[in-house]
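Can you look at this prediction? I've put the sequence above it.
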Amino acid sequence: MGEVDKQLALRMITLFSGAVKGMAFYPPSHPAIRQPLLELDRLFGAALAQNGHITWGTVDGLMFFGEHLFITPSTAVADLTNRMMEKGIDRIVMESGLTFDELQEFVRLLSGTTDGPDELRARMERQQIRHILVARRKDAPLPDQPEEGDDEMGEGYALATYGQALGAIRGVCRDIEQGRIPSSAPVIGAVQRLAGITLRDPSTLLGLAMIKDYDNYTFNHCVNVGVLAMSLGAALGMDADGVREVGIAGQLHDIGKTMIPKEIVNKPGKLSGAEFREMQRHSELGAKIIREMEGLGPRVGQAVLGHHLHYNRSGYPEWARGFDYDRMIDIIAIADTYDAITTLRVYQHPVTPRAALGVMQKLMGTILDGDLVTRFVGMMGRYPVGTLVRLDTNEVALVHRPNPLDEEAPVVRIVLTADGARLPAPREQKLAERDGTSYARIVAVVDPLLKNIDVGSLINSRHY
Ligand SMILES: [Fe+2]
Ligand SMILES: [Fe+2]
């Protein structure tokens with residue numbers, strides 16, 4: 001470790017501390033996160049090339065890095081020291097072979113609020129972080145190479161959890177229809193799992209929110225709104241409790257519709273004045289049900305009551321316009337609007353994710369909170385998940401996951417070959433590698449209707 005001088009060690013800890021702190025407020029693609037991570041990656045890479053491994057951590061409340069001890073810590077060093085002590089981590093070992101993705105993921109895990117060392121280690125295993133080891137006590141043996149994680153953090157797990165959430169909402173609606181007070185436990189359970197996924201990687205759930213099930217629109221819409229609200233909440237830096245709460249409110253926001261006559265809820269085409277007024281009652285009916293359900297905080301009921309009030313409070317219910325509301329109602333309004341615009345209903349064409357963001361930008365400051373729209377658009381990226389694009393290879397592909405390093409070059413699934421032939425199973429393809437090599441560039445956005453492509457089912461298929 002002699003090769004890392006104290007100045008450099010301090011620089012690395014400071015960058016690390018800043019990245020951990022920033023990750024709670026910005027998505028990884030934001031320059032405030034990306035810049036320090038890139039520099040950190042470079043510095044660690046150089047140091048590891050010389051040393052093979054770097055050991056750092058805390059001892060008696062002080063930060064050490066290799067052989068250096070920081071006795072009078074700067075704010076950044078003190079912040080990171082406290083965070084590591086809170087999480088019960090005494091020692092971190094970085095090994096050569098460390099990748100940027102591992103570093104970024106590790107920073108993200110440390111920025112979360114709830115993990116103890118065991119949970120952190122389990123998450124690191126699942127995320128396949130293989131070149132960073134954490135130890136609880138300085139004299140404790142380091143864990144062996146992490147074992148192969150189960151599929152818990154894979155897309156299969158996310159999809160299964162989405163299904164669980166759908167089942168939970170269906171159960172709530174059935175209970176209401178049968179005149180029972182719905183049980184909240186299944187919804188809370190599903191949201192807890194979804195929140196776990198979203199806090200680790202919000203992009204996983206953005207794909208799920210493209211599932212559109214036209215036969216079960218209300219359930220599907222509720223789950224999607226919950227998922228999108230959680231992703232936005234996580235991107236805004238909400239803690240785990242906040243993300244869970246906004247998720248529960250999102251999932252339940254329209255349950256009041258269960259008490260409105262089906263002919264009105266499912267009516268294709270415009271509602272009459274009287275029908276519209278009846279439909280508007282779903283906010284207050286939903287809030288009333290939530291008040292009766294066990295284990296849901298008052299903020300959930302309030303968010304459901306206010307989800308159609310609009311940012312400028314021109315919405316309904318009129319009698320509830322003057323109350324104080326948490327920002328949750330504005331987050332849910334954004335998720336609600338996005339899902340509604342991107343969903344095909346009998347009387348409307350679906351709008352592409354990108355066009356939907358454009359529509360929402362027109363509502364900034366009036367119907368929707370402008371600041372939140374900006375954050376939402378930033379989170380979705382230039383080519384939001386679910387966007388169909390043409391590449392300069394002439395292939396047509398579906399955007400599958402954002403690329404935090406380059407929003408022009410997401411991970412896609414190629415669905416049509418250069419000759420326009422449909423691939424039997426979409427092929428996953430990164431448009432750019434970290435070393436700068438590029439597979440292809442996006443040249444245009446394609447209308448899925450023209451190509452007769454069902455975006456939701458493709459994006460969540462597991463054939464790749
Ligand atoms: Fe609603
Ligand atoms: Fe809704």
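Yep, that arrived. Numbering: from 1, shown residues only. Ligands and ions are numbered 1, 2, ... in the order given.

Just the element for Leu228, please.
For Leu228, the element it lies in under DSSP states H and E is helix 217-235.

Run the chain-centre distance for that helix.
10 Å (Cα atoms, centre = their mean, to the nearest Å).

now stretch 87-104
23 Å.

what residues are up against whichever residue of the stretch 51-200 of the chain sits closest to ligand 2?
Here the stretch 51-200 of the chain gets closest to ligand 2 at one residue, Ile169, 12.1 Å apart by Cβ to the ion. Every residue, glycine included, has its C-beta placed from N, CA and C. Residues counted as contacts of Ile169 (Cβ atoms under 8 Å, 6 or more residues apart in numbering) are 187, 219, 222-223, 251-252, 255.

what about the lengthiest strand in the chain, average pLDDT?
Criterion DSSP state E: the longest strand present in the chain is strand 422-430. Mean per-residue pLDDT for strand 422-430: 84.

Partner strands of the helix or strand following it, with direction?
The C-terminal neighbour of strand 422-430 among helices and strands, as given by DSSP H and E, is strand 442-445. Counting by DSSP bridges, the strands paired with strand 442-445 are strand 388-391 (antiparallel).

Low-confidence stretches in the stretch 201-350 of the chain?
213-215, 344-350 (pLDDT under 70).

Tell me where it has helices.
Assigned by DSSP state H, counting those that start in this stretch, the stretch 201-350 of the chain shows helices spanning 202-208, 217-235, 240-252, 262-265, 273-280, 282-292, 298-305, 328-342.

and the fifth one with ligand 2, contact?
By that I understand helix 273-280. No. For helix 273-280, no contact with ligand 2 is found by Cβ under 5 Å from the ion; the gap never falls below 11.1 Å.

Using CSV, list the CA coordinates for that helix.
Extracted in CSV, the C-alpha atoms of helix 273-280 (Å, rounded to 0.1, in the frame of the first residue of the first chain):
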residue,chain,number,x,y,z
GLY,A,273,-71.6,15.1,-16.9
ALA,A,274,-73.4,13.0,-14.4
GLU,A,275,-71.2,9.9,-15.1
PHE,A,276,-68.1,12.0,-14.8
ARG,A,277,-69.2,13.3,-11.4
GLU,A,278,-69.9,9.8,-10.3
MET,A,279,-66.4,8.7,-11.5
GLN,A,280,-64.8,11.5,-9.6
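
How much space separates Asn394 from Ile367?
Look at Asn394 and Ile367: by Cβ to Cβ, to the nearest Å, they are 39 Å apart.

Tell me which of those two has more neighbours.
Taking other Cβ atoms under 10 Å, Asn394 and Ile367 do not tie; Ile367 has more neighbours (19 against 13).

Same list (the helices of the stretch 201-350 of the chain) but as a markdown table, adding mean neighbour count.
Below are the helices of the stretch 201-350 of the chain laid out as a markdown table (neighbours: other Cβ atoms under 10 Å):
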| stretch | mean neighbour count |
| --- | --- |
| helix 202-208 | 23 |
| helix 217-235 | 27 |
| helix 240-252 | 26 |
| helix 262-265 | 13 |
| helix 273-280 | 13 |
| helix 282-292 | 20 |
| helix 298-305 | 22 |
| helix 328-342 | 24 |
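
could those helices be laid out in TSV, adding distance to Ala425?
Converted to TSV, the helices of the stretch 201-350 of the chain look like this (distance: least, Cβ to Cβ, whole Å):
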stretch	distance to Ala425
helix 202-208	17
helix 217-235	24
helix 240-252	32
helix 262-265	37
helix 273-280	42
helix 282-292	41
helix 298-305	40
helix 328-342	24
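
Just checking the distance from the longest strand of the chain to the centre of its chain.
Its chain's C-alpha centre and that of strand 422-430 lie 24 Å apart, by Cα atoms, centre = their mean.

can you list the residues of the chain near ligand 2?
For the chain, the contact set with ligand 2 under Cβ under 5 Å from the ion comprises 254, 336.

For the helix or strand hosting Phe106, buried residues please.
Using DSSP H and E, Phe106 maps to helix 100-111. Applying a neighbour-count criterion of 16 or more other Cβ atoms under 10 Å, one finds 100, 102-111 buried in helix 100-111.

contacting residues for the residue of the stretch 301-450 of the chain found nearest ligand 2?
For the stretch 301-450 of the chain and ligand 2, the shortest gap (Cβ to the ion) falls at Asp336, measuring 4.2 Å. Asp336 sits next to 225, 253, 307 when contact means Cβ under 8 Å, 6+ apart.
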